[in-house]
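Engineer: sequence first, then the predicted structure, then my questions.
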Amino acid sequence: MPGPRATTPNHTVPLIWYARCPTLTATGLVANRGVFQREFLRENVNLVSVRETNTPSVRQGHLDHTLPNLVREADAATALWAYGQNARSRLLAIGKTWHAVTIVARPRGHVAGLRDLIGRRLSLPREAGTFSPASARALRAWETVLSAAHVPLQDIEFAPVVADHPSVPFGDIARREVEALLSGHTDVAVLFGAKGLELARSAHLHVVRRFEAREIQASPQLSGLVELRALTVDHPLLDGSPEVVTRITGNLLKAAPWASAFPKEALRQVAVEGKVEEADAADAYGGLIAEGARLGLEPERRDEIAALSQWLKTRHLVPDDIDLGAWERPEVLEAARQGLKAVA
């Protein structure tokens, strides 16, 4: 028999914000099925998606984690930067997204393979604001691709592609990169996931090299193409209502087994999140949706976050003295797992 449900203390604030990437996340798989609403149906707790507002302060606050009562599952680089800025967040778990990464060039652009990147202008998006998540992701991907192709950094040129502030709703950076490519401002671009496959096809771009999801998963050399996600929480919310945060985390832990049990529905949900066709989502994720929805704090995942942190330090994007140990709150994940076992 299920044990008694923990009650929400009176001091819990009634509004909790949640945010996630517009691709594969445990939060997306859970939120789109109304799980959060059912979890707190009889309590004075309302979970609201950051996507439901255009208020600039809310959109900015979810990036730098200054938004009160925030639970965020999104790119780990931004999470590390935000923690380095104000130390307001706490890390609950780490996710890993494997999806196709496509290197594209103009048709008849004379870029047949990765060795032809030598002497080319590589697209590097740059969003307005203090920190550009798209720039960090693209730069890390380019460094990985160039290393795999044995092309020295000094043999290429990065061409900046200006984009909107990352807090702008559904900013479509990839489209700007395609426009820059077709106009001749850049020679080669890197496109990510299902949206990248769709844009490459619709713009009739030449695919120089496509790294498949399972190829990326299997190769340590391609670790820079894995998108690390950080599940973080506003620490005053965690300190004031730990049982609420634990229950939210417990529901997110259910996403991976649900996706494994219902793969077709999971694929449909991911396609809706990314605003892409299901066929493109299926091609992009290569059957790794359930694995990508899994959250944890195993040593391997912690090592990957530490490596990302070091990469950001060398580019002066996070402080040299950032303390990852103080950031982590592993007891929340353990309590969430124990709670799931108790009601199983």
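Structural biologist: Yep, it's here. Everything numeric in this text was worked out from a predicted model, so none of it was measured. Numbers count the residues shown, from 1 in each chain.
Engineer: just the buried residues of stretch 231-242, please?
Structural biologist: In terms of neighbour count (16 or more other Cβ atoms under 10 Å), stretch 231-242 has its buried residues at 231, 232, 233, 234, 235, 237, 238, 241, 242. All C-beta atoms are positioned from the backbone trio N, CA, C, and that covers glycine.
Engineer: straight-line length of it, end to end?
Structural biologist: 15 Å (Cα to Cα, to the nearest Å).
Engineer: identify the residues contacting that stretch?
Structural biologist: Identification of contacts with stretch 231-242 by Cβ atoms under 8 Å, 6 or more residues apart in numbering yields 8-9, 11-13, 16, 26-27, 65, 67-73, 79, 82-83, 88-95, 244-245, 249, 252, 295, 329, 332, 335.
Engineer: could you redo the last one with a cut-off of 6 Å?
Structural biologist: Here stretch 231-242 makes contact (Cβ atoms under 6 Å, 6 or more residues apart in numbering) with 12, 69-73, 79, 89-93, 245, 295.
Engineer: picking that back up, can you tell me which of the buried residues of stretch 231-242 is nearest residue 124?
Structural biologist: Closest to residue 124 out of the buried residues of stretch 231-242 is residue 232 (26.3 Å), distances taken as Cβ to Cβ.
Engineer: got a quick ChimeraX command for the buried subset of the contacts of stretch 231-242?
Structural biologist: Here is the ChimeraX command that selects the buried residues among those (16+ other Cβ under 10 Å):
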select :12,69,70,71,72,73,79,89,90,91,92,93,245,295
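Engineer: and the contacts of stretch 231-242, which is closest to residue 194?
Structural biologist: Scanning the contacts of stretch 231-242 for proximity to residue 194, where the rule is Cβ to Cβ, the winner is residue 73, at 18.5 Å.
Engineer: test my guess that the closest one contacts residue 24.
Structural biologist: No. Here residue 73 does not reach residue 24: they are 10.4 Å apart, not a contact under Cβ atoms under 6 Å.
Engineer: among the buried residues of stretch 231-242, which ones are in strands?
Structural biologist: The members of these that map onto strands under DSSP state E are 231, 232, 233, 234.
Engineer: who does the first one bridge with?
Structural biologist: Counting by DSSP bridges, residue 231 forms beta bridges with residue 73, residue 93.
Engineer: for the stretch 1-150 of the chain, what spans make up the strands?
Structural biologist: Secondary structure of the stretch 1-150 of the chain by DSSP state E, counting those that start in this stretch: the strands cover 15-20, 46-49, 70-75, 89-97, 101-105, 121-127.
Engineer: make CSV out of those and add distance to residue 156.
Structural biologist: Converted to CSV, the strands of the stretch 1-150 of the chain look like this (distance: least, Cβ to Cβ, whole Å):
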stretch, distance to residue 156
strand 15-20, 33
strand 46-49, 39
strand 70-75, 24
strand 89-97, 26
strand 101-105, 12
strand 121-127, 5
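Engineer: out of the ones you listed, which comes closest to residue 207?
Structural biologist: Using Cβ to Cβ, the strands of the stretch 1-150 of the chain put strand 101-105 closest to residue 207, at 5.9 Å.
Engineer: tell me the strands beside the closest one, with direction?
Structural biologist: Within its sheet, and counting by DSSP bridges, strand 101-105 is paired with strand 188-192 (antiparallel), strand 206-211 (antiparallel).
Engineer: now the longest one: average pLDDT?
Structural biologist: Averaged across strand 206-211, the pLDDT comes to 97.
Engineer: what comes up buried for it?
Structural biologist: By 16+ other Cβ under 10 Å, the buried positions in strand 206-211 come out as 206, 208, 209, 210, 211.
Engineer: so what's the third one closest to, chain neighbours aside?
Structural biologist: Same thing as residue 209. Distances taken as Cβ to Cβ, 6 or more residues apart in numbering put residue 103 closest to residue 209, at 4.6 Å, once the chain neighbours are dropped.
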